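Student: Here is the input, now give the coordinates:
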Amino acid sequence: MRSVLTAAILTAATILPALGGTPAVPTQAAPQVLDEVVMVGASAGQDGQRILGRVKEIDKQEKKLWVVLNWGQNEGPMSVPLERVRRIDYDVPGRRAELPAGDVLARYRFALWLISVNLKDEAIVDLEAVAGKPGVPPEAWKLLAGLQEARGQLREALDSLRKCLAVLPDDAAAQASAKRLEEKVKSLPAEVQAEAPAPAPDQGVEPANPPEPEKPKVAEGLEVRDGWRAQPWGNPAEVSLLKDEATGNQYLAVQLSGEGKESKTALGLRVNGDISKRSKLVFNIYNSEKKPIPLSVAFNTSSDFYETPFIWVKNGWNEGVVVDLNAGDFKCRATEWAHKSPIKGKEQVNNILLLLNDRRKATVYLDYVRFE
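Tutor: Take a look at the predicted model:
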């Protein structure tokens, strides 16, 4: 299975500040945030089980990480032994979307939290957005300068320190840092100016060596996006991206093991997008077995978890399978899992899932997945 996670390995002490006490079950229908907790694998250096939910609390005394789950009928708080946690992928876009619109102080505090969990590149984005704004401490410029310098952005760091000193002219630490950076910047080569583009050849004149025409491109969709994986609350499966060398087409291969205690295998992808202006999800899917596989498609939005009725996947390729995003027959918690609801919260779709509702060994290929 391809590894697609790139977040840094975090120590237990830097995951989240302890909030104290056991977290309560959230009152919202569904949290917008979906962090990913990656457990230690069976072998050294390998990823193990993945848990999707909202990382809520570190219990330092009990040495547990609390995660609030919200996936289908699996919800509520659960604890994970810290010694079994390899790393965490925080859903930064989802957490950022929860910040009150226009509240620069809240975004500044969010940047401080990002620094505390070692997501410093992300923190730069937020500090650049709020530094110098009314209500934001001028120390934001110093924090930003430190992060920029660590990333090798010396000119930008010096500029941030000068802006800090414009507000805090007696800040000795900022003065010393600015003086040190000025010496470093002096030693940098002059910034290279972009050269003017070469004039285009006269019309009607063939270049000496005309480029070969590009090969026609194969239409690809969400199947090539990093992040597809079997969800831990379903049965296990191996997921990989394959390529047809003859055509260049890439497609997702899902090997169902037939093992596990659950009634389904859940293939999921985090999207964090707006589908409010889309009317359908379309894809091609292949079933290696003669017996049809009951498939359902689910969307985890800012409002709830919505799942379609069964779509029967016949043997071979099933092309142009359509999920009507405006249909009113999705099931969700609000309807007590009856198929009589439209999708709500389309403006913030966190994940899409393909649920293979059978427990047997089979191979499924997924191709040209797209919203239209």
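Student: what's the longest strand in this protein?
Tutor: Longest strand in the chain, counting residues (DSSP state E): strand 47-59.
Student: Relative to that strand, what are the paired strands and their orientations?
Tutor: strand 35-40 (antiparallel), strand 64-71 (antiparallel) (DSSP bridges).
Student: could you give the mean pLDDT of the first one?
Tutor: So that's strand 35-40. What strand 35-40 shows for mean pLDDT is 79.
Student: all helices of the chain, in order?
Tutor: Per DSSP state H, the chain carries helices over the ranges 92-97, 104-116, 120-130, 139-150, 154-167, 172-186.
Student: Would you single out the least confident of these?
Tutor: helix 92-97 (a mean of 80).
Student: buried stuff in that helix?
Tutor: Of the residues in helix 92-97, 92, 94, 95, 97 count as buried by neighbour count, 16 or more other CB atoms under 10 Å. The way it works is simple: take the backbone N, C-alpha and C, and place the C-beta from them, glycine included.
Student: and the residue nearest to the spatial centre of the chain, bridged to which residues?
Tutor: The chain has residue 270 as the residue nearest its centroid, 5.4 Å off, counting by CA atoms, centre = their mean. Per DSSP bridges, residues listed as beta-bridge partners of residue 270: residue 351.
Student: Same check on residue 313?
Tutor: Taking DSSP bridges as the rule, residue 313 bridges to residue 293.
Student: residue ranges with poor pLDDT in this structure?
Tutor: Along the chain, the parts satisfying pLDDT under 70 run over 1-32, 44-47, 58-59, 62, 65, 67-76, 189-218.
Student: Next up, the contacts around the residue nearest to residue 228 when sequence neighbours are not counted.
Tutor: Leaving aside its sequence neighbours, residue 228 sits nearest to residue 269 (CB to CB, 6 or more residues apart in numbering; 5.0 Å). Counting by CB atoms under 8 Å, 6 or more residues apart in numbering, residue 269 touches 222, 225, 227, 228, 351, 352, 353.
Student: which one of these is nearest residue 340?
Tutor: Nearest to residue 340, judged by CB to CB, of the contacts of residue 269 is residue 353 at 20.0 Å.
Student: From residue 136, how far off is the closest one?
Tutor: Residue 353 is 39 Å from residue 136, where distance means CB to CB, to the nearest Å.
Student: same deal with residue 244?
Tutor: Residue 244 is 53 Å from residue 136, by CB to CB.
Student: again, but for residue 248
Tutor: Counting by CB to CB, the gap from residue 248 to residue 136 is 49 Å.
Student: Verify the stated contact: residue 338 with residue 331.
Tutor: Yes. Contact between residue 338 and residue 331 holds when scored by CB atoms under 8 Å: they sit 6.0 Å apart.
Student: Comparing the two, which shows the higher neighbour count?
Tutor: The residue with more neighbours, out of residue 338 and residue 331, is residue 331; 21 against 11, by other CB atoms under 10 Å.
Student: picking up where we left off before, same drill for residue 244 and residue 136, tell me which one is more crowded.
Tutor: Each of residue 244 and residue 136 has its neighbours counted (other CB under 10 Å); residue 136 has more, 19 against 11.
Student: give the contact list for that one.
Tutor: Applying CB under 8 Å, 6+ apart to residue 136 gives the contacts 104, 105, 108, 130.
Student: Can you say which two of those are spatially most distant?
Tutor: In these, two members sit farther apart than any others by CB to CB. They are 105 and 130, at 7.9 Å.
Student: Looking at these two, which is more packed in?
Tutor: In terms of neighbours (other CB under 10 Å), residue 130 is the more surrounded of residue 105 and residue 130; the figures are 21 against 14.
Student: Kindly provide the distance from the more buried one to residue 277.
Tutor: Using CB to CB, residue 130 is found at 30 Å from residue 277.
Student: same thing with residue 270?
Tutor: 20 Å.
Student: repeat for residue 118
Tutor: Separation of residue 118 from residue 277 (CB to CB) stands at 36 Å.
Student: what does residue 85 give?
Tutor: Residue 85 is 38 Å from residue 277, by CB to CB.
Student: With neighbour numbers in mind, choose between the two.
Tutor: A side-by-side neighbour count of residue 85 and residue 277, using other CB under 10 Å, places residue 85 first with 24 against 9.
Student: Show me what that one is bridged to.
Tutor: Under the criterion used (DSSP bridges), residue 85 bridges to residue 39.
Student: contacting residues for residue 239?
Tutor: 1, 2, 228, 229, 230, 252, 253, 254, 255, 267.
Student: Residue 372 too?
Tutor: Residue 372 touches 278, 279, 280, 281, 282, counting by CB under 8 Å, 6+ apart.
Student: cutoff 6 Å now
Tutor: Contact partners of residue 372, counting by CB atoms under 6 Å, 6 or more residues apart in numbering, are 280, 282.
Student: With residue 371 instead?
Tutor: 275, 278, 281.
Student: Just the closest of those residues to residue 171, please.
Tutor: Nearest to residue 171 out of the contacts of residue 371 is residue 275 (CB to CB; 47.6 Å).
Student: count of neighbours near that closest one?
Tutor: 20.
Student: Over to residue 340?
Tutor: Here the count is done by other CB under 10 Å, and residue 340 has 12 residues near it.
Student: What does it show for phi and psi?
Tutor: phi -150, psi 40 (degrees, to the nearest 10).
Student: need the contact list for the residue nearest to residue 143 when sequence neighbours are not counted.
Tutor: Excluding the flanking residues, the one nearest residue 143 by CB to CB, 6+ apart is residue 127, at 5.9 Å. Contacts for residue 127 (CB under 6 Å, 6+ apart) come out as 111, 140, 143, 144.
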